[in-house]
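Visitor: sequence and predicted structure, then a few things I'm wondering about:
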2 protein chains.
Amino acid sequence: MKHMKTLLKNAKILSMKDDQIREGHIVITDNRISEIGPQVDVNAKYDKVIDCEGNLLMPGFKDAHTHSAMTFLRSKADDSKLQDWLFNEIFPREANLYKGCVYELGKVALLEYLTSGITGVIDQYFFPEEFEKACKEYGFRCVNLIMYDPDSRDKNTCLELIKCNEDKNSLVKAVIGLHSEYTPTDEMFKTTKELLDETNLPFYTHLSETAQEVDECLSRRNVRPMKFFDDLHFFDKGGAIFHGVYLDDNDMEIIKKRNVVVVSNPASNMKLASGVAEIKKLLSKGITVALGTDGPASNNALDMFREMYLVTGLQKLLLKDPVSIPAYEVLKMATVNGAKAMNLIDGDTLEVGKLADIIMIDLSRPSMQPINNIVNNIVYAGSKDCVKMTMINGKVLYYNNEFFVGENIKELYIRAQKITDELSVIKK
Amino acid sequence: MKHMKTLLKNAKILSMKDDQIREGHIVITDNRISEIGPQVDVNAKYDKVIDCEGNLLMPGFKDAHTHSAMTFLRSKADDSKLQDWLFNEIFPREANLYKGCVYELGKVALLEYLTSGITGVIDQYFFPEEFEKACKEYGFRCVNLIMYDPDSRDKNTCLELIKCNEDKNSLVKAVIGLHSEYTPTDEMFKTTKELLDETNLPFYTHLSETAQEVDECLSRRNVRPMKFFDDLHFFDKGGAIFHGVYLDDNDMEIIKKRNVVVVSNPASNMKLASGVAEIKKLLSKGITVALGTDGPASNNALDMFREMYLVTGLQKLLLKDPVSIPAYEVLKMATVNGAKAMNLIDGDTLEVGKLADIIMIDLSRPSMQPINNIVNNIVYAGSKDCVKMTMINGKVLYYNNEFFVGENIKELYIRAQKITDELSVIKK
């Protein structure tokens, strides 16, 4: 089989192994980095050459918590009370979902990820097999969170959906999860635990998103959500919790001991008035924090620049202290730590042998000028317009504001709009 | 004199006179809107025709508080305590400013405004005559805040700088202001008041940005900053206060009575941990709230999408209530209310006779899809990548990510970087 060799030349490179930015080039053979540094022979023969013109190459962002196909609910019910929003706006419309919706709606999200330099996501939603299909078609990397549900997905179907993990090179992987502590039945907890034990996979769930959730768990079970799951050994193989806004010291001790990643969703927690997670405290305890956008109904953007800016900014407000989390730590959350949450050990940094999930930051955008500190420019002043290229698995999927995903984008929008309009009618 | 006629055809139009979006076209004759609506003859003879392809036209954003030329301090001293930041990082470097710096550094900011759909600013900084020159060269609209200062700008020079107001069509206008209540000398208050009386201009100042500022004013003068200025009749002709984070009911009464605009700077107040302004309360009292980015040292972006998202989002956190400020109200702050703060009565909405300061929002960006609610999409999911065109005074200055300002951008960046590097050395 012929190998495809791509050269990215004349770049500044932020590998995320450390905070140094070095001039150099990157060679990609098929889907992995095969050479990196100033010594690369730029005059050798390559199948494709991209001149970076001094712009910055860095690992793609990882969105470690999202519900991609919720694009149909974007801007549908903003500015409403959480319970109203969930029970009167979101759930009734989600009940309308039918086969084929998630495939199209998920693609709209995939395009937005590409505009924000996001090269991989942990997705949690209905019809994960449809999202898998969309990701594979576009060439997008995803970890699908598979949830056992006696009404729609039996244990064998869950095990089928996890088989993608057998192919080491698969773009789509799968893990086991639950929605939360407060929605599953006892039987769902039991079967999910069996699935975890049989597959040896880590565990993922929404946890301690709101004060109300923690209070209700305490009154129902006399234990906080984190301890509830840990007592049942759900986190024995690690995993991640989504949101983690209300965590006490004991919760944090369990998280640390079980090597669980806290995926913070600052924009969603702000929009739904849930609160501000204690990120600085989590970091001081040596806990790994990653970032997620949550779904487009509660954000409403799928934009890692927004999350990076907010995760440090809101901490400054929370602690009434402008000295909060250094920009490089924030960039680690959005890349290396996200890869850890995804269990993507070969997709975290730019090094020989690692996956070619690479973005190019356009340093000629005015918000990136002048250059006092590139890392701080990205975290504090970056936005989607700074993303010049998004490459996943060695393939350029987005370049100079254009998509290369084998799709007529306008036609996709028409199909997604038709589905959106259909789903928006709430049946009585 | 031959008139220049430009047609913007096949658009959705949000005039901001109301919240309705209507299909139609806009004709611009020279620098003003001469026709608007579905009845426009698209086949008549025009000097220039732009097909909007169904995208949205709306009034440009107004950044009602900024210090543009502080681009040289972007990402220079993030994550530091306010007093350290101001006295050890910012002031010593600003003391290095020399003739010519503000002209080049201000241009870098102008480019960023264009990427964010900002068509006008109220600028407050050293060397306002240099910023005026940069704006006129690029074709950018600005209100320069002129501050009397015995060390650098005498009363006659202030009056000279205000003469631009005599030309009704001037892109650059000027108003009178002070830095704040806590920095000027008695003589500066006195002379500034004379200037206000002689020119009949409104008054502009930083006010109640931090709790410390209010406390110190109270202990020094036994009165809060707003009442201090009002007792001296500074606000008799209206004007605006910048930040306004710490305002009590009495302050708000004065603000309302004097028809003063509160210019909120949510990103800057977050980054410097100053706090969250009580926007919902201000609105409920019928006070006009506009938005500003503040300077790039304390934000670090110059991005109206960031401010719009934060001004409603932070309110939700502050009030622990996801029902905060409707998206259309936020869009009004960023456009109509900003124009009021700028005293730009003919630049607030899209109507016949109004200034052609118009932006085009690219509805084909994934974050703008699907379309449930365009206004909410812009406020909650918009970012710079959605700005397809920025037109000021009838001229297209930014289109499809390219600048049309008569400048070699790369050469500008080189000059701005050289100045930035020179200024960054703190002299002992």
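Guide: All right, it came through fine. Keep in mind that this is a model prediction, so the values were computed, not measured. Numbering: from 1, shown residues only, chains lettered A, B, ... in the order given.

Visitor: pretty sure A:T191 sits against A:I146.
Guide: No. Here A:T191 lies out of contact with A:I146, judged by C-beta atoms under 8 Å, at a distance of 11.9 Å. C-beta here means a position set from N, CA and C on the backbone, and glycine is covered the same way.

Visitor: the two: who's more crowded?
Guide: Between A:T191 and A:I146, counted using other C-beta atoms under 10 Å in any protein chain shown, A:I146 has the larger neighbour count: 26 against 18.

Visitor: can you tell me the element the more buried one falls in?
Guide: Using DSSP states H and E, A:I146 sits in strand A:141-147.

Visitor: who's in contact with that strand?
Guide: Contact with strand A:141-147 is made by A:119-124, A:128, A:131-132, A:135, A:153, A:158, A:161-162, A:164, A:171-179, A:192, A:204, A:342-344, A:347, A:355, A:357, A:392-393, as judged by C-beta atoms under 8 Å, 6 or more residues apart in numbering or on different chains.

Visitor: doesn't A:I287 belong to a helix?
Guide: No. Residue state for A:I287 (DSSP: H, G, I helix; E, B strand; the rest coil) corresponds to coil; a helix is not indicated.

Visitor: A:L145 versus that one, what's the distance?
Guide: Using C-beta to C-beta, to the nearest Å, A:I287 is found at 21 Å from A:L145.

Visitor: of those two, who's got more company?
Guide: A:L145 (25 against 20).

Visitor: for that one, report the pLDDT, please.
Guide: Per-residue confidence at A:L145 stands at 98 (pLDDT).

Visitor: identify the bridge partners of it.
Guide: A:V175 (DSSP bridges).

Visitor: could you check how far it is from A:M304?
Guide: On the measure of C-beta to C-beta, A:L145 and A:M304 end up 19 Å apart.

Visitor: also A:A290?
Guide: Applying C-beta to C-beta, one obtains 11 Å for the distance of A:A290 from A:M304.

Visitor: just A:V40 next, same as before
Guide: The span separating A:V40 from A:M304 equals 28 Å under the rule C-beta to C-beta.

Visitor: repeat for A:A416
Guide: For A:A416, the distance to A:M304 (C-beta to C-beta) stands at 22 Å.

Visitor: settle it for me: which of these two has more neighbours?
Guide: Set side by side, A:A416 and A:M304 show unequal neighbour counts under other C-beta under 10 Å, the larger going to A:M304 at 28 against 24.

Visitor: in strands, which of the contacts of strand A:141-147 fall?
Guide: Per DSSP state E, strands hold the following members of those: A:119-123, A:172-178, A:204, A:392.

Visitor: and these, which two are the farthest apart?
Guide: For these, the farthest-apart pair by C-beta to C-beta is A:L178 and A:I392; their separation is 28.4 Å.

Visitor: of those two, who's got more company?
Guide: A:I392 (27 against 23).

Visitor: any idea how far the closest residue to that one other than its chain neighbours lies from chain B?
Guide: Taking C-beta to C-beta, 6 or more residues apart in numbering or on different chains as the measure, A:I392 lies nearest to A:T119, with 4.8 Å between them; neighbours along the chain are not counted. Taking C-beta to the nearest C-beta, to the nearest Å as the measure, A:T119 and chain B are separated by 15 Å.

Visitor: around chain B, pick out the residues from the stretch 201-350 of chain A.
Guide: The interface of the stretch 201-350 of chain A toward chain B, taken as C-beta under 8 Å from any C-beta of the partner chain, is made up of A:267, A:270-273, A:275-276, A:296, A:299-303, A:305-306, A:309, A:312-314, A:316-317, A:319-327.

Visitor: those residues in helices, which ones?
Guide: Among these, the members falling in helices (DSSP state H) are A:A267, A:M270, A:K271, A:F305, A:R306, A:Y309, A:T312, A:G313, A:L314, A:K316, A:L317, A:A327.

Visitor: so what touches the least confident helix or strand in chain A by mean pLDDT?
Guide: When the helices and strands of chain A are scored by mean pLDDT, DSSP states H and E, helix A:82-84 comes last with a mean of 77. Counting contacts by C-beta under 8 Å, 6+ apart, the residues outside helix A:82-84 that touch it are A:A77, A:T210, A:L272, A:A273, A:S274, B:P322.
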